[in-house]
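A.B. asks: Sequence first, predicted coordinates after that:
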Amino acid sequence: MDEREDSRPPEDVALDERDRDAPPAEATGELDEDDRLKPEFVRDVIDLAESGEAEAARERVGRLHPADIADLFELARSDERPMLAGVLGDMLSAEVLAEMNDYVREELIDLLAPEQVAELASELDTDDAVAIIEDMEADEQQAVLRAMEPEDRAAIEDALSFPEETAGRLMQREFVAVPEHVTVGDVIDRLREDGDLTTDFWEIFVVDPLVRPVGTCQLSWILRTPRDIAISDVMRREQTLIPVDMDQEEVALRFQKYALISAAVVDKAGRLVGMITVDDIVHIIQEEAGEDILRLSGAGDGDINEPIRETYGARVRWLVANLGTALVASSIVGFFGGAIEQMVALAALMPIVAGVGGNAGTQTLAVTVRALAMNQLTDSNSWRAVFREMKIALLNGSTIAAIAGTATALWFGNPALGGVIAAAMIVNIFVAGVSGVAIPLLLDRLDQDPAVASSIFVTMTTDSMGFLAFLGLAVASGLTSL
């Protein structure tokens, strides 16, 4: 056997052997059928730690994957986490911190000295190390950076120089690049002999003398190609390059659109400066999708580990804004107060018109915000989307109007009242459909996040128009008067 066939550091081999010997967590009963830690397991570990049986607690936790150990800390109470960290010791590894919820990780990092944080960060890829360090206070961040090796510190400082949620923050600085004049054999020899290369990669980037990507070559192609073939004859010249300042949501969309496993990141001069892999993109897709849903509801980060004060601040400002917009609808009702006094049935039916219109607007809004986030809705098809929602709104409005109008006429024995509510339903659902697509499109054109404020304006529009259409038609039809 060629001695170069396994050039991994001895500690990596030992780690692999330990992992092979350890039974999977689901086989030993720690996880349920949904791959979540069982409550009784979590409670057992915490009880062992609290009772001073540290070795027993460590033995139970030692069979878990780093992601499951991170879950264990997240499931523990805030006041139990410091004690648990002290008992588990080095099991609170860099890999565990990288998998951990941001708020929980911040709690635990506050317990560590800067030198300890620096040591943990040095064990991770740059993108994971940045995720640990970027949210620290400025003075603590500098203390950690000073404790790091110069090479690691330079890489992290470079990453922190880019805006948050951009490819520069997300990318790994560790990648494999080769010049285009080498052969497949040269590449294989380098991969075997160079102990400083990153160990996790799926493709090799081929670069010109100015370190600009000219192609990419998957490892499987290299393994199946004779050694004397030039790498330039194996590589694929067409590749998706990610600008270093691209927003992470756009990066995720490119990975999804082109089915990428990894992609090269280039600076403004077109030089290769890093790579992004699909495992990072999975987290981004989940994070961005969750953000849009939470923004639609004005719920802030929506994290159950977020401090109460921050959650309160994020939610209350949108409730105050909602209170202001609700006054618009309330003023319309007040204007028709005399008409409502003459015909009490109007008061009973008003919420139905407004409520159905609000639901119709929410449906359209959710579809529109998602389409904008997925780049499915652009300047080239926005008007088509508006007209489509108009047609759907008219169909929905006609159906609901027929049902509501008939039921109202039979219940109150008043066909005219049934006709009024039917007409109001059509008007309000049509307005809801148009506003549900037009408001987020307008906010997007104004470079505002359509997921943040759209719901408040759509709700105000549907409530106001629902009351105005219903009460206004009732007065216009002679059912009642002002």
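C.D. replies: Ah, there it is.
A.B. asks: Run through the chain and note the low-pLDDT ranges.
C.D. replies: 1-29, 288-305, 314, 452 (pLDDT under 70).
A.B. asks: try it again with 50
C.D. replies: Where the chain drops to pLDDT under 50, the residues are 1-27.
A.B. asks: What segments of it are strands?
C.D. replies: 177-179, 203-207, 213-218, 241-243, 262-266, 272-277 (DSSP state E).
A.B. asks: Residue 284 is nearest to which of the ones you listed?
C.D. replies: strand 272-277 (9.2 Å; C-beta to C-beta). All C-beta atoms are positioned from the backbone trio N, CA, C, and that covers glycine.
A.B. asks: returning to that earlier point: got TSV for the strands of the chain, with mean neighbour count and distance to residue 144 too?
C.D. replies: Output for the strands of the chain, formatted as TSV (neighbours: other C-beta atoms under 10 Å; distance: least, C-beta to C-beta, whole Å):
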stretch	mean neighbour count	distance to residue 144
strand 177-179	15	29
strand 203-207	23	30
strand 213-218	19	32
strand 241-243	18	28
strand 262-266	23	24
strand 272-277	23	21
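A.B. asks: Can I get the ones you listed in a markdown table including distance to residue 169?
C.D. replies: Below are those laid out as a markdown table (distance: least, C-beta to C-beta, whole Å):
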| stretch | distance to residue 169 |
| --- | --- |
| strand 177-179 | 21 |
| strand 203-207 | 20 |
| strand 213-218 | 20 |
| strand 241-243 | 12 |
| strand 262-266 | 11 |
| strand 272-277 | 10 |
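A.B. asks: which residues touch residue 246?
C.D. replies: 166, 167 (C-beta atoms under 8 Å, 6 or more residues apart in numbering).
A.B. asks: nearest residue to residue 173 other than its sequence neighbours?
C.D. replies: Closest residue in space to residue 173, ignoring its immediate chain neighbours: residue 126 at 4.5 Å, by C-beta to C-beta, 6 or more residues apart in numbering.
A.B. asks: Looks like the one you found contacts residue 174 (just checking).
C.D. replies: Yes - look at residue 126 against residue 174 with C-beta atoms under 8 Å: they come within range, at 6.8 Å.
A.B. asks: Looking at these two, which one has more neighbours?
C.D. replies: residue 126 (20 against 17; other C-beta atoms under 10 Å).
A.B. asks: mind checking how far that one is from residue 240?
C.D. replies: 21 Å (C-beta to C-beta, to the nearest Å).
A.B. asks: now residue 412
C.D. replies: 63 Å.
A.B. asks: same question, residue 418
C.D. replies: From residue 418 to residue 240 the distance is 58 Å (C-beta to C-beta).
A.B. asks: before we move on, what about residue 363?
C.D. replies: Distance from residue 363 to residue 240, by C-beta to C-beta: 34 Å.
A.B. asks: now do residue 467
C.D. replies: Distance from residue 467 to residue 240, by C-beta to C-beta: 51 Å.
A.B. asks: Compare those two (neighbour count), which wins?
C.D. replies: Under the criterion of other C-beta under 10 Å, the comparison of residue 467 against residue 240 puts residue 467 first, with 27 against 15.
A.B. asks: and the closest residue to the more buried one other than its chain neighbours, how many residues sit next to it?
C.D. replies: Closest residue to residue 467 apart from its sequence neighbours, by C-beta to C-beta, 6+ apart: residue 332 at 4.6 Å. If you count neighbours by other C-beta under 10 Å, residue 332 ends up with 20.
A.B. asks: And for the one 10 residues further on?
C.D. replies: Each residue near residue 342 was counted by other C-beta under 10 Å, and the total is 13.
A.B. asks: I figured it hits residue 481, correct?
C.D. replies: Yes - Residue 342 sits in contact with residue 481 when judged by C-beta under 8 Å, with a separation of 6.9 Å.
A.B. asks: Next up, the contacts around residue 482.
C.D. replies: 336, 338, 339, 475.
A.B. asks: no, scratch that, I was asking about residue 411
C.D. replies: Contacts of residue 411 (C-beta under 8 Å, 6+ apart): none.
A.B. asks: and residue 334, how far is that from residue 460?
C.D. replies: In terms of C-beta to C-beta, residue 334 sits 16 Å off from residue 460.
A.B. asks: neighbour-wise, which of those two wins?
C.D. replies: Using other C-beta under 10 Å, the more surrounded residue of residue 334 and residue 460 is residue 460, with 22 against 11.
A.B. asks: Would you mind confirming that the more buried one makes contact with residue 331?
C.D. replies: No - Residue 460 is not in contact with residue 331 according to C-beta under 8 Å; the separation is 11.5 Å.
A.B. asks: In contact with residue 338, which residues?
C.D. replies: So residue 338 contacts 481, 482 (C-beta under 8 Å, 6+ apart).
A.B. asks: mind redoing it with 7 Å?
C.D. replies: By C-beta atoms under 7 Å, 6 or more residues apart in numbering, the contact set of residue 338 is residue 482.
A.B. asks: how far away is it from residue 480?
C.D. replies: 8 Å.
A.B. asks: now do residue 151
C.D. replies: 80 Å.
A.B. asks: Give me the more crowded residue out of the two.
C.D. replies: residue 480 (19 against 10).
A.B. asks: so how far is residue 35 from the more buried one?
C.D. replies: 61 Å.
A.B. asks: Same check on residue 175?
C.D. replies: From residue 175 to residue 35 the distance is 31 Å (C-beta to C-beta).
A.B. asks: Those two: which is more packed in?
C.D. replies: residue 175 (21 against 12).
A.B. asks: hey, what's the closest residue to that one other than its chain neighbours bridged with?
C.D. replies: Counting by C-beta to C-beta, 6+ apart, residue 175 lies nearest to residue 275, which is 4.3 Å off, once chain neighbours are set aside. Beta-bridge partners recorded for residue 275 (DSSP bridges): residue 172, residue 264.
A.B. asks: And residue 275, how far from residue 194?
C.D. replies: Counting by C-beta to C-beta, the gap from residue 275 to residue 194 is 17 Å.
A.B. asks: Likewise for residue 258?
C.D. replies: Counting by C-beta to C-beta, the gap from residue 258 to residue 194 is 30 Å.
A.B. asks: Same question for residue 208.
C.D. replies: For residue 208, the distance to residue 194 - C-beta to C-beta - is 21 Å.
A.B. asks: Who has more neighbours out of these two?
C.D. replies: When neighbours are counted by other C-beta under 10 Å, residue 208 and residue 194 differ, and residue 208 comes out ahead with 15 against 10.
A.B. asks: okay, now residue 31: neighbour count?
C.D. replies: So residue 31, with other C-beta under 10 Å, has 19 neighbours.
A.B. asks: Phi, psi for residue 224 please.
C.D. replies: Torsion angles at residue 224 (phi, psi; degrees, to the nearest 10) stand at phi -100, psi 10.
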